[in-house]
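Chemist: coords below, sequence missing:
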């Protein structure tokens, strides 16, 4: 604490206090904190909805919710988790960590940064208020396929406006990340030597700038179809409902990687630190990241194998989708090669990173199976898909976020978290995550459609298991919240500036907690080069 | 741990190959396509199992042996061009081995030529309608599970049938060993027609016609469900196909054609009040009660009809809403004039409503004006 206080006292600009500090925030650390807390709150809101869904599906028959409300729950759960929890959490991490890791004093556009955060709470409010309007919230699934989404009430309009705001926020966040990474790196840190988290954030930001306007366009067309007499997606007026799917998935597939690439970056930071060995194949990691990003634009059709596209289109999308397995495989092999012949310890961030590699690989396998178009005929829109994307998004994106939280909590708060509790959180999450989602593979193989509030009797046992798993998994995340609060309030004691023996990136050069202002003068060349040498990025 | 994991995967594979226990793996395939899909899946699982053992083997070996607590010292190598090229090329070759057989199944799936006959499947909110285009008749196929089994909000509800949610009042009937072409389309939103045992899944898109096909090798009853989110009752629109012998099919066909002829309501018939209301109760319960409830109390977004302004107000407005739909309520224009007149008349007189009856001729007039 003393460091921070001293720093404040000789700070040149006065820092606002109370609510003004947060509402007028322009400091990248404050804004990062806002993003992270917002994401955490949304994670619990979306998670609560998931538990409502699993409660209904615990046994056959309709127990708690009318079917239309069940559809609203699944829709909001999807939208909130994607746009409210995972994406803001990654933006928050980028805000907090990029300037620290790159040796920059702040993000490039500090005031735009404030605005891009403060668009999020109204967007979330619109989504939640929509539960209360006549007709309820949007119930057409997070994909909002018309004509179903044209039918529903004003809840859909609120969802559309909310998506507009979220998109604006993402674009501004991306502009900030791109400018910061490209222009504000410390002297002596060329692009091909910056931390991989900066690389994946940069590529992700480009993806977002490319596709967020596409989504905005799609939902705007939906809005004009609903209220202004256009017929983009209405067959009666010459429109085509499938057109929406093409536009949506041209956004939606890259979106999947927007949620996966930063996770790759985080894991690539953490594994070498706890393996005490440089990351294997840095350059091929960068190439793999870029290849995945480029391929992600060409495979949207694999979400639509059942719409009746011609055989040539199916073949095209199938081959390209399978191809994504190659760069993704390179990444997994590189992580394993980093662990090979290393000297590993298993603190909580490392556990979550290894958990990520294991489960993301399983999600990759089921993705490969889904990429085979004829097999997809059996799996499309069944629980197999639900299992697949939760392995990628929960065990992938979310586990990497937990890893990042434990990894950087000492830097953020100045205190060490309780190691035993962190490990408990990992093993508990690992166990119940698998209990929840592994049975869904079997449900999907046997043919249970997704997004149904009630199911045939042969699906009973696996659904009951999944529901029990979900509730336990959810409780484990409340435990995480306590862990975080405990750490903020002092944890198990003050953290040194370099709590991890192998941490060689620039953020470990500043004190813990990171003072309000850091790198007001860029790190000197010797410091930067020492770090790069330790990461195997510069020869002696 | 590794052994246990690979044990689970091996079990999966065996179960897959034998196609036993249809509650946790593919339903037993009864068409050539479904069989090819299943063997494709088994082949993929085998490859994946091999890769899994290899990848996780290396990883867990490193995790168990190369740890600091065992005094293992890190060797700071961090690149090897040959290895990196190899593990890019080898997976690419493995992928080719997967793509080749998959492509041939795609081409077979897409070949809908030379069908023995064609059935049109139309998705409605929330049931399927089938038209035997070559035989000149059609029917609706609706969920047969009683509502009382579904709604256990307050208690356990009634005991559930073994085919709970997978049973319909009138299944699709097709002869065994014949190539059946299915045309799919929709009356309102996107639905999807799929029967896992046939290896068939095809979206039904309003305003467009798509096709798929199957040739069932085994007599039996096969069940599927709508697989595209289509609104409130998405979970309640099953697909049941009876595959029967050619002789049984011919007998059924003759019966259906005769019944279709007899069932056509005479448009010039003058209906008495009791006849119309009796017919109306039937039509209401088949089409309207799922949302507005049997006692007209309404639910969720669907307003109560008992005492409502519409059901007690002007005929024209009531007819307009039923014909065109409103908000979440779909258009009911696909019902016959008699069915519509009867259902509307029932709504206007039941549950204490006091309005006048509607005759089929009035529906016909309203339709003519609307067009």
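Modeler: That came through fine. Source: prediction; values computed, not measured.
Chemist: where does chain A get nearest to chain B, residue-wise?
Modeler: residue A:235 (2.1 Å; CB to the nearest CB). The C-beta positions use only the backbone N, C-alpha and C, and glycine is treated the same way.
Chemist: just give the nearest non-adjacent residue to that residue, would you?
Modeler: In this structure, residue A:235 finds its nearest non-sequential neighbour in residue B:207, 2.1 Å apart by CB to CB, 6 or more residues apart in numbering or on different chains.
Chemist: I figured that neighbour hits residue A:233, correct?
Modeler: No: using CB atoms under 8 Å, residue B:207 is not in contact with residue A:233, being 9.9 Å away.
Chemist: between the two, what contacts are shared?
Modeler: Residues touching both residue B:207 and residue A:233 by CB atoms under 8 Å, 6 or more residues apart in numbering or on different chains: A:239, A:240, A:241.
Chemist: and the second one, how many neighbours?
Modeler: Look at residue A:240: counted by other CB atoms under 10 Å in any protein chain shown, it has 18 neighbours.
Chemist: centroid-nearest residue for chain B?
Modeler: The residue lying closest to the centre of chain B (CA atoms, centre = their mean) is residue B:226, at 1.9 Å.
Chemist: from memory that one sits against residue B:192, does it?
Modeler: Yes: taking CB under 8 Å as the definition, residue B:226 is a contact partner of residue B:192 at 6.1 Å.
Chemist: report whether stretch B:38-58 contacts chain A.
Modeler: Yes: using CB under 8 Å from any CB of the partner chain, we find that stretch B:38-58 touches chain A at B:40, B:41, B:44, B:45, B:48, B:51, B:52, B:55, B:56, B:58.
Chemist: buried subset of these?
Modeler: B:40, B:41, B:44, B:45, B:48, B:51, B:52, B:55, B:56 (16 or more other CB atoms under 10 Å in any protein chain shown).
Chemist: out of these, list just those in helices.
Modeler: Judged by DSSP state H, those include B:40, B:41, B:44, B:45, B:48, B:51, B:52, B:55, B:56 as members of helices.
Chemist: just the pLDDT for the last one.
Modeler: We note a pLDDT of 95 for residue B:56 in this prediction.
Chemist: quick one: the strands in chain B, in order.
Modeler: Here chain B has its strands, by DSSP state E, at B:117-124, B:127-132, B:137-141, B:172-175, B:180-186, B:191-195, B:200-204, B:210-214, B:220-225, B:238-244.
Chemist: is it possible to get a markdown table of the ones you listed that adds distance to chain A, mean neighbour count and mean pLDDT?
Modeler: Below are the strands of chain B laid out as a markdown table (distance: least, CB to the nearest CB, whole Å; neighbours: other CB atoms under 10 Å in any protein chain shown; pLDDT from 0 to 100):
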| stretch | distance to chain A | mean neighbour count | mean pLDDT |
| --- | --- | --- | --- |
| strand B:117-124 | 11 | 20 | 96 |
| strand B:127-132 | 14 | 20 | 95 |
| strand B:137-141 | 17 | 18 | 92 |
| strand B:172-175 | 17 | 21 | 96 |
| strand B:180-186 | 8 | 22 | 96 |
| strand B:191-195 | 6 | 27 | 96 |
| strand B:200-204 | 5 | 26 | 96 |
| strand B:210-214 | 3 | 22 | 95 |
| strand B:220-225 | 5 | 20 | 96 |
| strand B:238-244 | 8 | 22 | 97 |
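Chemist: dump those strands to CSV, plus distance to residue A:285.
Modeler: Shown next, in CSV, are the strands of chain B (distance: least, CB to CB, whole Å):
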stretch, distance to residue A:285
strand B:117-124, 46
strand B:127-132, 50
strand B:137-141, 54
strand B:172-175, 53
strand B:180-186, 45
strand B:191-195, 39
strand B:200-204, 38
strand B:210-214, 42
strand B:220-225, 43
strand B:238-244, 47
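Chemist: need the per-residue pLDDT for the closest residue to residue B:215 other than its chain neighbours.
Modeler: Spatial nearest neighbour of residue B:215, excluding adjacent residues (CB to CB, 6+ apart): residue B:179 at 4.6 Å. pLDDT, residue B:179: 96.
Chemist: one more: the one 10 residues further on?
Modeler: At residue B:189 the predicted local confidence, pLDDT, stands at 94.
Chemist: so it makes contact with residue B:231?
Modeler: Yes: counting by CB under 8 Å, residue B:189 touches residue B:231, with 6.3 Å between them.
Chemist: give the residues shared as contacts by those two.
Modeler: In terms of CB under 8 Å, 6+ apart, residue B:189 and residue B:231 are both contacted by the residues A:148, A:151, B:125.
Chemist: out of these, who has the most neighbours?
Modeler: Top of the shared contacts of residue B:189 and residue B:231 by neighbour number is residue A:148, holding 27 neighbours under the definition other CB under 10 Å.
Chemist: residues contacting the residue of chain B found nearest chain A?
Modeler: Going by CB to the nearest CB, chain A is nearest to residue B:207 of chain B, at 2.1 Å. Neighbouring residues of residue B:207 by CB under 8 Å, 6+ apart: A:234, A:235, A:236, A:239, A:240, A:241, B:185.
Chemist: where does the fourth one sit: helix, strand or coil?
Modeler: Here residue A:239 is coil, with the state taken from DSSP: H, G, I helix; E, B strand; the rest coil.
Chemist: and the residue of chain A closest to chain B, how many neighbours does it have?
Modeler: For residue A:235, using other CB under 10 Å, the count is 18.
Chemist: what of residue B:90?
Modeler: For residue B:90, using other CB under 10 Å, the count is 12.
Chemist: same deal with residue A:23?
Modeler: Look at residue A:23: counted by other CB under 10 Å, it has 11 neighbours.
Chemist: surely the residue of chain A closest to chain B is in contact with residue B:190?
Modeler: No: shown here, residue A:235 and residue B:190 do not form a contact pair, counting by CB under 8 Å, at 10.5 Å.
Chemist: shared neighbours of the two, which are they?
Modeler: A:147, A:241, B:205, B:206.
Chemist: near chain B, which residues of the stretch 151-300 of chain A?
Modeler: Within the stretch 151-300 of chain A, the positions lying close to chain B (CB under 8 Å from any CB) are A:151-153, A:234-236, A:239-242, A:275-284.
Chemist: out of the helices and strands in chain B, which is least certain?
Modeler: Across the helices and strands of chain B, the lowest-confidence element by mean pLDDT, DSSP states H and E is helix B:2-18, at a mean of 53.
Chemist: residues contacting residue A:69?
Modeler: With contacts defined as CB under 8 Å, 6+ apart, residue A:69 is in contact with A:136, B:300.
Chemist: state the pLDDT value of it.
Modeler: On pLDDT, residue A:69 comes in at 95.
Chemist: can you list the residues of the stretch 251-371 of chain B near chain A?
Modeler: By CB under 8 Å from any CB, the part of the stretch 251-371 of chain B that sits against chain A consists of B:299, B:300, B:301, B:327, B:328, B:330.
Chemist: any of the residues of the stretch 151-300 of chain A next to chain B buried? List them.
Modeler: Applying 16+ other CB under 10 Å to these, the neighbour count classes A:151-153, A:234-235, A:239-242, A:275-282, A:284 as buried.
Chemist: so, low pLDDT: which residues of the chain?
Modeler: As the question left the chain open, I've gone with chain A. A:1-14, A:540 (pLDDT under 70).
Chemist: nope, chain B please
Modeler: Ranges of chain B meeting pLDDT under 70: B:1-22, B:263-268, B:371.
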